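A.B. asks: sequence? don't have it. structure:
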């Protein structure tokens with residue numbers, strides 16, 4: 001089946017060939033999780049039968065909270081590891097990235113940055129590059145990202161592309177220089193793992209990384 005990349009989360013998803021053939025020129029933009037229909041249904045469920053109760057559901061959107069506001073609002077999720085996030089608003093457009101290293105709830109290091117012309121995926125990759133650069137080579141840690149595309153790229157696909165001379169059947173490899181840099185750093189940290197974490201699900205340090213990634217949009221960190 002043909003594969004496409006979600007413009008919201010970057011996940012790669014498949015669409016039956018029959019569906020693609022039915023609508024010539026159609027380029028699917030959203031995975032099942034972020035389809036407009038599902039988002040509309042989720043919004044109605046959050047409002048409830050009376051139209052209110054918006055606080056009953058977590059909106060899948062950037063809250064643009066300061067790091068202090070994040071710490072005051074969220075306390076769930078793992079308390080150790082490295083947490084990363086990146087985004088562009090709009091996509092493509094200006095964006096930012098953030099990474100925070102935490103041990104038992106205490107921040108060991110953090111970084112964030114901004115690019116005036118970028119994409120979501122480039123910022124997610126840059127955040128992971130900075131995350132691994134923060135860690136010593138003998139660190140034992142889970143490096144978390146809410147980009148499944150980044151996880152699959154580094155842990156599944158990139159080694160195969162490398163063996164084939166950095167080529168793939170479907171065309172050029174997007175963001176190749178960042179993929180190559182991240183793969184080298186990932187290999188240089190053999191006791192670290194790269195894992196996916198759900199976006200905007202109330203995990204304190206994932207939300208904190210999101211705050212770092214959107215810091216360029218605010219006057220206060």
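C.D. replies: Sure, I can see it. Given the structure is predicted, the values throughout are model-derived calculations rather than measurements.

A.B. asks: average model confidence for the helix or strand containing residue 18?
C.D. replies: Counting by DSSP states H and E, the element that carries residue 18 is helix 17-22. Per-residue pLDDT over helix 17-22 has a mean of 67.

A.B. asks: Strands of the protein, residue ranges please.
C.D. replies: Along the chain, counting by DSSP state E, strands occupy 3-5, 12-14, 81-88, 93-103, 106-118, 141-145, 192-196.

A.B. asks: what's the distance between the third one and the middle of its chain?
C.D. replies: Which is strand 81-88. Put simply, strand 81-88 sits 6 Å off its chain's centre (CA atoms, centre = their mean, to the nearest Å).

A.B. asks: Strand partners (parallel or antiparallel) of that strand?
C.D. replies: Here strand 81-88 is paired, per DSSP bridges, with strand 93-103 (antiparallel), strand 141-145 (parallel).

A.B. asks: Please identify the buried residues of the longest helix anywhere in the chain?
C.D. replies: Longest helix in the chain by number of residues (criterion: DSSP state H): helix 120-134. Within helix 120-134, the residues scored as buried using 16 or more other CB atoms under 10 Å are 120-132, 134. (Glycine included, C-beta is placed from N, CA and C.)

A.B. asks: Pick the one among those closest to residue 148.
C.D. replies: Nearest to residue 148 among the buried residues of helix 120-134, counting by CB to CB, is residue 124 at 10.1 Å.

A.B. asks: Test my guess that the closest one contacts residue 85.
C.D. replies: Yes: under the criterion of CB atoms under 8 Å, residue 124 makes contact with residue 85 at 7.3 Å.

A.B. asks: looking at this structure, which helix or strand is least sure?
C.D. replies: Lowest on mean pLDDT, DSSP states H and E among the helices and strands of the chain sits helix 36-47, with a mean of 49.

A.B. asks: which regions of this protein sit below the pLDDT cut-off?
C.D. replies: Within the chain, the ranges that satisfy pLDDT under 70 run 1-2, 6-11, 20-27, 30, 33-62.

A.B. asks: domain assignment for it?
C.D. replies: Using automatic domain parsing, the domain parsing of the chain gives 3-56, 67-217.

A.B. asks: which of those domains is buried the deepest?
C.D. replies: The highest average neighbour count among the domains of the chain, using mean count of other CB atoms under 10 Å, belongs to domain 67-217 at a mean of 18.

A.B. asks: and residue 173, what does it touch?
C.D. replies: 161, 166, 167, 179 (CB atoms under 8 Å, 6 or more residues apart in numbering).

A.B. asks: Noted, bye for now.
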